[in-house]
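Colleague: coords below, sequence missing:
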């Protein structure tokens, strides 16, 4: 009898140990599943509290044509001068007796290309040069001037001095009142110029063909508040533009020239915008 009780006790101990081991194994399995389960992505932040968001994967500044014909600038109180190789642009600064922002404006603008020289007079009391850009083939010159309310853009044919006022040309073609040409960029082909025009609360995109003196107006999926950049791809087959809508929110759009279609590409952050600045004509304003 005593031996039988000992046998029962031994069996009870064995089954108790086996049950505990099974329970522990189940708990370990559940712990591993919890650790490996995916969690929602979170934005990290640095010590300043600023969110470190990942770069837009679709934004590749290297895909765009970069016009390197920037020239050098010499700007004094009395005269402005821009030079790129054998091409130069100069203008005297004229001061009036009036006090305030209207007290100074640009005089006659002289453009020289080798032995040739041309002149034209701004008509809107333009105060300063904002940017100057040579076309890729160096046959055309774009000159952006600030008039106090917006920017005027002129195209000069360096072979004959013929000058086109793009704001006037757009108004003639659209019957719209244009306050400013806010952004522009030459294509790799040399004769197509992409422009963003409008006023302080609306922006539209167009392509001016200097060879045919004609416009292609880009269909707009919506009304944009402003446009920061117009960018050509290296082959000149597509035109990208970075526009604002709604306020302080920018997106990259792509215009397919062959199909005459505009597509959304990607949202643009402020860090992305800074990476695109060197792809536009260099700002030379005071």
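Modeller: All right, it came through fine. The model shown is predicted, which means the values in this text are computed figures rather than measured ones.
Colleague: now do the contacts for residue 205.
Modeller: Remark: with contacts taken as C-beta atoms under 8 Å, 6 or more residues apart in numbering, residue 205 is in contact with 194, 195, 196, 217, 218, 220, 227, 230, 239, 241, 243, 255. The C-beta positions use only the backbone N, C-alpha and C, and glycine is treated the same way.
Colleague: which SS state does the residue lying closest to residue 219 once chain neighbours are set aside fall under?
Modeller: Spatial nearest neighbour of residue 219, excluding adjacent residues (C-beta to C-beta, 6 or more residues apart in numbering): residue 262 at 5.7 Å. Here residue 262 is strand, with the state taken from DSSP: H, G, I helix; E, B strand; the rest coil.
Colleague: surely residue 262 meets residue 251?
Modeller: No - using C-beta atoms under 8 Å, residue 262 is not in contact with residue 251, being 11.2 Å away.
Colleague: circling back: between the contacts of residue 205, which has the least confident prediction?
Modeller: Ranked by pLDDT, these bottom out at residue 220 (85).
Colleague: let's verify that residue: helix, strand, or coil?
Modeller: Look at residue 220: counting by three-state DSSP, its state is coil.
Colleague: also the one 10 residues further on?
Modeller: Following three-state DSSP, the label given to residue 230 is strand.
Colleague: name the element the closest residue to it other than its chain neighbours belongs to?
Modeller: Spatially, and ignoring its direct neighbours in sequence, residue 230 is nearest to residue 194 (4.0 Å; C-beta to C-beta, 6+ apart). Taking DSSP states H and E as the criterion, residue 194 maps to strand 192-198.
Colleague: tell me the helix or strand right after that strand.
Modeller: Assigned by DSSP H and E, the successor of strand 192-198 is strand 203-209.
Colleague: residues of that next one that come out buried?
Modeller: Buried residues in strand 203-209, defined by neighbour count with 16 or more other C-beta atoms under 10 Å: 203, 204, 205, 206, 207, 208.
Colleague: so who does the first one touch?
Modeller: Put plainly, it is residue 203. 182, 196, 197, 224, 225, 226, 227, 243, 244.
Colleague: and it, bridged to which residues?
Modeller: residue 198, residue 224 (DSSP bridges).
Colleague: before we move on, the earlier item: in the contacts of residue 203, find the pair that's most separated.
Modeller: Distance extremes for the contacts of residue 203: the farthest pair is 197 and 244 at 14.6 Å, using C-beta to C-beta.
Colleague: and those two? which has more neighbours close in?
Modeller: The neighbour comparison of residue 197 against residue 244 (other C-beta atoms under 10 Å) goes to residue 197, with 26 against 16.
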